[in-house]
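Novice: Show me how the following folds:
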Amino acid sequence: MTHELPTETELAEVAEVTAKIRRSISTVLSGLDAPITGALAAVLAQGHLLMEDVPGVGKTTLARALAKSIDCSIGRIQFTPDLLPSDVTGVSIFRADEHRFEFRAGPVFANVVIADEINRASPKTQSALLEAMQERSVTVDGETRPLPSPFIVVATQNPIEMEGTYPLPEAQRDRFMAQVSVGYPSARDEMAMMDSHDGVDPLELVTPVTDTATLARLIDVSRRIYVAPAIKQYIVDLVTATRSETSLRLGASPRASLSLLAASKGRAAMAARNHVLPDDVKALAVAVLAHRLIPSTESRLAGRNSQQLMQEIVSRTPVPTEARDTPRPRERALEHTPSTH
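Specialist: Now for the predicted structure:
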């Protein structure tokens, strides 16, 4: 199936809107260029985002700033050990006066769902999001209800070494398109944060810079970005390498290949390019693939995590240099441009 390539006007809108979102987030948190880029690439690919880091570095703040920058419905779920699946999806309540059941939608029925500290809830409650994330629908009492479009889950979690956490099931980790880490700020960024947070909550000053209709349009533009066969083969090579890596107990799934392809398109669209470069894939490979991998026992004992192992795979996988010289699909885009004569 062929798609009409994005026009220069469409690509310019993607670059402009994502730059506005980036600036909006930067008013709250500074020095997070890489995490914000990964987050925006996932949003343009209509994928879900996982943020893992130690407490207090701004995971939830980044998630809320991203959500507030878009004029959309926002659902927030604070995951706790006693949270029930119905607290996420919703529940049917019997109305005695009308002799019927009424469905009360849970917070998952929103365009952007912030799942805060997702790994503090039991695996049973965590699994309540599985259908929503994959099918973009929720089944309660035998009735399947569609979720709003676009639908994006932005989840935060603490490292599993932290007290009171449950490991996120592999099936659920695989449904997150990308995982980003906020990390500790530099001394300069921390000084700027102290100034901006002194006596005021900068999140209260964040206003929407786009809306769901525009976001849906940007997602469509991203979907139509051209990907050369050599780039697709590069993605397959990276994913295949994880499955034969002896230092890994579990490699990446075919869903990972599709996620890396979609996220790379998003990064290209943000740069106002109608084609994906090897650099797009290389820049996002760790964020998209690493959280799906499980290191072997030997690797864990040696102190090597999945991010390090994935970075090693990226560094030794040949980059398709011919893809850099691939004729730009500019002519194809012009073929679809209406004539002015």
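Novice: check contacts around the residue nearest to Asp141 when sequence neighbours are not counted.
Specialist: Spatial nearest neighbour of Asp141, excluding adjacent residues (CB to CB, 6 or more residues apart in numbering): Ser92 at 5.1 Å. In short, each C-beta sits where N, CA and C put it, glycine included. By CB atoms under 8 Å, 6 or more residues apart in numbering, Ser92 lies in contact with Phe101, Glu102, Phe103, Arg104, Val140, Asp141.
Novice: just checking, the last one touches Phe94?
Specialist: Spelled out, it's Asp141. No - the pair Asp141 and Phe94 fails to qualify as a contact (CB atoms under 8 Å) at a distance of 11.3 Å.
Novice: what's the neighbour count on Leu203?
Specialist: Leu203: 15 surrounding residues under other CB atoms under 10 Å.
Novice: can you check the one 10 residues further on too?
Specialist: Using other CB under 10 Å as the criterion, Ala213 is surrounded by 9 other residues.
Novice: tell me which element it is part of?
Specialist: Assignment of secondary structure by DSSP states H and E places Ala213 within helix 212-223.
Novice: Give the buried residues for that helix.
Specialist: For helix 212-223, a neighbour-count test (16 or more other CB atoms under 10 Å) marks Thr212, Leu215, Arg217, Leu218, Ile219, Val221, Ser222, Arg223 as buried.
Novice: which residues are contacting that helix?
Specialist: Applying CB under 8 Å, 6+ apart, the contact partners of helix 212-223 are 3, 6, 10-11, 13-14, 17-18, 43-46, 70-72, 111, 148-150, 262, 265-266, 269.
Novice: do stretch 119-133 as well
Specialist: Stretch 119-133 is contacted from outside by 48, 79-81, 83-85, 87-89, 108, 113, 115, 118, 137-139, 147, 151, 153, 157-158, 160, 164-169, 171-172, 175-176, using CB under 8 Å, 6+ apart.
Novice: Stretch 301-308 too?
Specialist: Ser247, Leu248, Val286, Ala290, His291, Leu293, Ile294, Pro295.
Novice: Start and end of it, how far apart?
Specialist: Stretch 301-308 has its terminal residues 14 Å apart, counting by CA to CA, to the nearest Å.
Novice: What is the distance between that stretch and the centre of its chain?
Specialist: In terms of CA atoms, centre = their mean, to the nearest Å, the centre of stretch 301-308 is found 23 Å from the chain centre.
Novice: same deal with stretch 100-115?
Specialist: Relative to its parent chain, stretch 100-115 has a centroid offset of 21 Å by CA atoms, centre = their mean.
Novice: next one: stretch 138-147
Specialist: 24 Å.
Novice: What residues sit buried inside that stretch?
Specialist: Of the residues in stretch 138-147, those buried by neighbour count under the rule 16+ other CB under 10 Å are Val138, Val140, Leu147.
Novice: likewise stretch 259-271?
Specialist: Ser259, Leu260, Leu261, Ala262, Ala263, Ser264, Lys265, Gly266, Arg267, Ala268, Ala269, Met270.
Novice: before we move on, what about stretch 26-33?
Specialist: For stretch 26-33, a neighbour-count test (16+ other CB under 10 Å) marks Val28, Leu29, Ser30, Gly31, Leu32 as buried.
Novice: farthest pair in those?
Specialist: Farthest pair in the buried residues of stretch 26-33 (CB to CB) is Val28 and Gly31. Separation: 11.6 Å.
Novice: so who does Leu62 touch?
Specialist: Neighbouring residues of Leu62 by CB under 8 Å, 6+ apart: Ile25, Val28, Leu29, Leu32, Pro35, Ile36, Ala39, Met51, Val182.
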